[in-house]
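Novice: Requesting a structural model of the entry that follows:
(one chain, ligands or ions: 1)
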Amino acid sequence: PELAQAFIDEQVAAIREQVGDKKVLLALSGGVDSSVVAALLIKAIGKNLVCVHVNHGLMRKGESEQVIDVFQNQMDANLVYVDATDRFLDLLAGVDEPETKRKIIGGEFIRVFEEEARKVDDEVDFLAQGTIYPDILESQDGVKAHHNVGGLPDDLQFDLVEPVKLLFKDEVRVVGRELGLPESMVERQPFPGPGLGVRCLGAITRDRLEALREADAIVREEMEAANVGAWQYFAVVPDMRATGVRDGERAYEWPAIIRAINTVDVMTAEVPELDWALLKRMTDRITHEVPGICRVAYDLTPKPVGTVEWE
Ligand code: XMP
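Specialist: Numbering: from 1, shown residues only. All right, here's what the predicted structure looks like:
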């Protein structure tokens, strides 16, 4: 905590030195890195930080609400909330190929953010990013080109503010805690950029997406209550139906798949041996509380040969 406080003081001074009384723009997803960068910049320059939260309609239950609650209500930040749900879901309608879905979501995200950036372009000189040290290492290795908000057009360029770029994830969490961010945000499990879009398998429909969001919330709630501590855990809902019986009548509804993994390097992953009572509780709750789901399966596949995500 003392080291974290020293780091915070040092970065606050460095940020003030770098940006003076200019404005800074940040794409705030609500993930650990962008949230910690936001909290640091709010401490350093207050309302001169313009946070943009794009809700692509593929967030988990309560996530966008938490971003608004923490940053707008508690930290009194300058937050632009963009509900772009319809734009994303309209573009995705009927699209079932996973990589095409990813491209559509990624491309539209840049466009929505670009539109917001143009609205404030005259006043803003800097772009803050939640780049962390492993991102830089991976880019150098050529494993992947890392851009948190890559792809902005050439006429829309900013100087970068990257206050946590020398930190590892665990250190970012310590700093976030010291800055007063809630534990649920600081300890948030990794969530892919395309969000629930790659867990609502095949062509996304609004009703099935909603069922997925509810099932996923139950999985997270029960896994957290049972203190399982798995690295990543979530629900998946495929685009097929299964037969069941509900109140004496034939039901024909979606199955939900529970996915949980432990990993050190993400290249390989193991499936935890979940407690039977926990699995039964999740099954019972999902099939009774989520409209449209009549069956639950637990995915036992390690990586390889299964990837973590189903798409
Ligand atoms: P896979 O499915 O490749 O997942 O075994 C490994 C890790 O990467 C995450 N993941 C993504 N993250 N955009 C992201 O930002 C993506 O398109 C994406 N696909 C997978 C996945 O959640 C897991 O942590």
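Novice: C-alpha from now on. contacts and neighbour counts both.
Specialist: Will do.
Novice: Below-threshold pLDDT in the protein: ranges please.
Specialist: For the chain, the stretches with pLDDT under 70 are 142-150.
Novice: biggest strand in it, by residue count?
Specialist: For the chain, the longest strand by residue count, based on DSSP state E, is strand 249-261.
Novice: need the contact list for the residue located most distally from the centre of the chain.
Specialist: If you look at how far each residue of the chain sits from its centre, by Cα atoms, centre = their mean, the farthest one is residue 248, at 39.8 Å. For residue 248, the contact set (Cα atoms under 8 Å, 6 or more residues apart in numbering) is empty.
Novice: what does residue 152 give?
Specialist: By Cα under 8 Å, 6+ apart, the neighbours of residue 152 are 110, 114.
Novice: for it, phi and psi?
Specialist: For residue 152, the backbone dihedrals (degrees, to the nearest 10) come out as phi -70, psi 140.
Novice: swap in the one 3 residues further on?
Specialist: Phi and psi for residue 155, reported as degrees, to the nearest 10, are phi -80, psi 0.
Novice: what about the residue in the stretch 101-250 of the chain positioned nearest to the ligand, how many neighbours?
Specialist: Residue nearest to the ligand within the stretch 101-250 of the chain (Cα to the nearest ligand atom): residue 192, separated by 3.5 Å. Using other Cα atoms under 10 Å, residue 192 has 13 other residues around it.
Novice: did I read that right, it in a strand?
Specialist: No: secondary structure assignment (DSSP: H, G, I helix; E, B strand; the rest coil) places residue 192 in coil, not in a strand.
Novice: follow-up on the earlier one: list the contacts of the longest strand of the chain.
Specialist: Defining contact as Cα under 8 Å, 6+ apart, one finds that strand 249-261 is touched by 212, 215, 219, 230-245, 269-272, 292-299, 302, 308.
Novice: Need the buried ones from these selected in PyMOL.
Specialist: Buried members of these, defined by 16 or more other Cα atoms under 10 Å, are picked up in PyMOL with:
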select buried, resi 212+215+219+230+231+232+233+234+235+236+237+238+241+244+269+270+271+272+292+293+294+295+296+302+308
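Novice: Which of the contacts of strand 249-261 fall within strands?
Specialist: 232-236, 242-245, 293-298.
Novice: which two from the residues you listed end up farthest apart in space?
Specialist: Greatest spacing in the ones in strands among the contacts of strand 249-261, by Cα to Cα: 232 and 245 (31.5 Å).
Novice: Return the residues of the stretch 201-311 of the chain in contact with the ligand.
Specialist: Applying Cα under 6 Å from any ligand atom, one finds that the stretch 201-311 of the chain approaches the ligand through 266, 307, 308, 309.
Novice: can you give me the helices for the stretch 1-150 of the chain?
Specialist: Residue ranges of the helices in the stretch 1-150 of the chain, as given by DSSP state H, counting those that start in this stretch, are 2-19, 32-45, 63-67, 85-92, 98-120, 133-141.
Novice: got a markdown table for the ones you listed, with distance to residue 159 too?
Specialist: Output for the helices of the stretch 1-150 of the chain, formatted as a markdown table (distance: least, Cα to Cα, whole Å):
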| stretch | distance to residue 159 |
| --- | --- |
| helix 2-19 | 9 |
| helix 32-45 | 15 |
| helix 63-67 | 25 |
| helix 85-92 | 29 |
| helix 98-120 | 13 |
| helix 133-141 | 17 |
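Novice: ok, and the closest non-adjacent residue to the residue nearest the centre of the chain?
Specialist: Geometric centre of the chain, nearest residue: residue 191, 4.1 Å, by Cα atoms, centre = their mean. Distances taken as Cα to Cα, 6 or more residues apart in numbering put residue 31 closest to residue 191, at 7.8 Å, once the chain neighbours are dropped.
Novice: and that neighbour, how far is that from residue 293?
Specialist: Going from residue 31 to residue 293 by Cα to Cα, to the nearest Å gives 29 Å.
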